[in-house]
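Chemist: pasting the structure only:
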DNA sequence: AAATTGATTTCGCTG
DNA sequence: CAGCGAAGTCAATTT
């Protein structure tokens, strides 16, 4: 990885055109040839970049460019799409290269899959006497996240989201409509479960007789015995 | 901006949990206190990060951590959500700080506007013998992107999108319905033109007798004589 | 301020 | 390999 701090301007020509005026920025050249242009603030997203596979070439400025104060021109060209990123370097304030090696990669925990696992393991959160039928219960239009039965033996279909939005309610509604046509399952009640349920989604769900359940991830992790992994 | 190359492991605890095993990485500390952990490959997305507003504190390792080879512990805490990123630094290979100043920010060129201009200038892409009536043809419910006439003199209304979605088809349908009531224009044919047309949108459009036209932005730019703007 | 929508989205899984 | 859904999405626009 090569790190360069430089005063530069940047032009991108690809699916759109974009321009960065002259300013001091970090240019990060990764081992795969990709280039990231970062400012000293904002989000984790670079101001501009070129994704691999791509190749970087450096050029001498022509006379006009030299007159404009440009000391070097970097061109990064995408190998497949011919998108091009052009960096006009005016002044280099820092330049260093580092050997990093391959990264073992991120281990994630706590996404929708994990929520599903936790709720399946604590199916009583749906209400007293509930029992799990199965996770990822397959229907003709896709898998329902969780199928359970309530204390009276009636089917309960659960749609799980990290963030409960209108879309999720629509999705569950489609499942319920289909499942309620199956005499083996009907009547099927719906539960919309999420860490956070937006007001609109709640309104729509309740209007359709779908129960809303806000999940407390930390509390559920507390019920789970493997919660001490990180600490 | 501070740039540190270090052998380190990273743990994140927030909306999800994530872990990065020991490896050599770039730690980028931005002026707003945010931290980015980058590997030497992959996309522009960091392996892990903490968005502003947040604060970074560094700590001495305790005895157990020192025995494990940790020389410093960085803790980055989000100011609002209490999300936390912990970096266990084993070895620092590079450490430098740089003054960058505020970035003037990215200037994007409009894409839909540019597409409209390009199609208007190459109206023959609609089919042989087509002529442009005008761009932004005004109707009671808003402007139609392009109004043209085919070789036989019949009206053609074009709705342009970068990404052709259901919404765009509905919009064009409304225009067509209205315009077909105008005896000066009727019959008006519809063309739904986009860089990318989603299958659902295509099905709906064709079901309504609307022609779909996929635009090749690069090819159109090639036809345009101003394509050399950047070079 | 909340909600909606697009993104040079990226990323991971499933068929 | 393509297609689809989720993301610690982010960011801009609209309501």
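Modeler: Arrived safely. These numbers were taken from a predicted model, which means no experiment stands behind them. Numbers count the residues shown, from 1 in each chain, chains lettered A, B, ... in the order given.
Chemist: Mind giving me the packing neighbours of the helix or strand of chain A with the lowest mean pLDDT?
Modeler: Here the helix or strand of chain A ranked lowest by mean pLDDT, DSSP states H and E is helix A:217-223, holding a mean of 73. For helix A:217-223, the elements it packs on are helix A:112-121, judged by 3 or more Cβ pairs under 8 Å, 6 or more residues apart in numbering or on different chains; DSSP states H and E. Heads up, the C-betas are built off the backbone N, CA and C, glycines and all.
Chemist: okay, whichever residue of chain A sits closest to DNA strand D: pLDDT?
Modeler: Nearest residue of chain A to DNA strand D (Cβ to the nearest atom of the strand) works out as residue A:43 at 2.9 Å. Confidence at residue A:43, expressed as pLDDT, is 88.
Chemist: quick one, strands of chain A?
Modeler: With DSSP state E, the ranges of strands along chain A come out as A:2-13, A:17-29, A:35-38, A:48-50, A:54-59, A:72-78, A:84-97, A:107-109, A:131-139, A:142-149, A:155-164, A:188-197, A:211-214.
Chemist: can those strands go into CSV with extra columns for mean neighbour count, mean pLDDT and distance to residue B:97?
Modeler: Below are the strands of chain A laid out as CSV (neighbours: other Cβ atoms under 10 Å in any protein chain shown; pLDDT from 0 to 100; distance: least, Cβ to Cβ, whole Å):
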stretch, mean neighbour count, mean pLDDT, distance to residue B:97
strand A:2-13, 21, 95, 10
strand A:17-29, 20, 93, 12
strand A:35-38, 24, 96, 15
strand A:48-50, 23, 95, 23
strand A:54-59, 13, 94, 26
strand A:72-78, 18, 95, 24
strand A:84-97, 17, 96, 10
strand A:107-109, 13, 82, 31
strand A:131-139, 15, 84, 50
strand A:142-149, 20, 86, 48
strand A:155-164, 22, 87, 37
strand A:188-197, 21, 87, 38
strand A:211-214, 16, 88, 44
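Chemist: Looking at those, which is nearest to residue A:117?
Modeler: With Cβ to Cβ as the criterion, residue A:117 lies closest to strand A:131-139 of the strands of chain A, at 7.8 Å.
Chemist: Between strand A:142-149 and that closest one, find me the angle.
Modeler: 160 degrees (axes from the mean of the first three to the mean of the last three Cα atoms, to 10 degrees).
Chemist: which secondary structure elements does strand A:131-139 contact?
Modeler: helix A:112-121, strand A:142-149, helix A:166-179.
Chemist: Comparing those by mean pLDDT, which bottoms out?
Modeler: For the helices and strands packed on strand A:131-139, the weakest mean pLDDT is recorded on helix A:112-121, namely a mean of 80.
Chemist: can you list contacts of that helix?
Modeler: The contact list for helix A:112-121, computed with Cβ atoms under 8 Å, 6 or more residues apart in numbering or on different chains, reads A:125-126, A:132, A:135, A:145-146, A:158, A:160-162, A:193, A:195, A:215, A:217, A:220-221, A:223-224, B:16.
Chemist: In contact with the nearest residue to residue A:12 once chain neighbours are set aside, which residues are there?
Modeler: Distances taken as Cβ to Cβ, 6 or more residues apart in numbering or on different chains put residue A:18 closest to residue A:12, at 4.4 Å, once the chain neighbours are dropped. Residue A:18 sits next to A:11, A:12, A:48, B:106, B:107, B:108, B:109 when contact means Cβ under 8 Å, 6+ apart.
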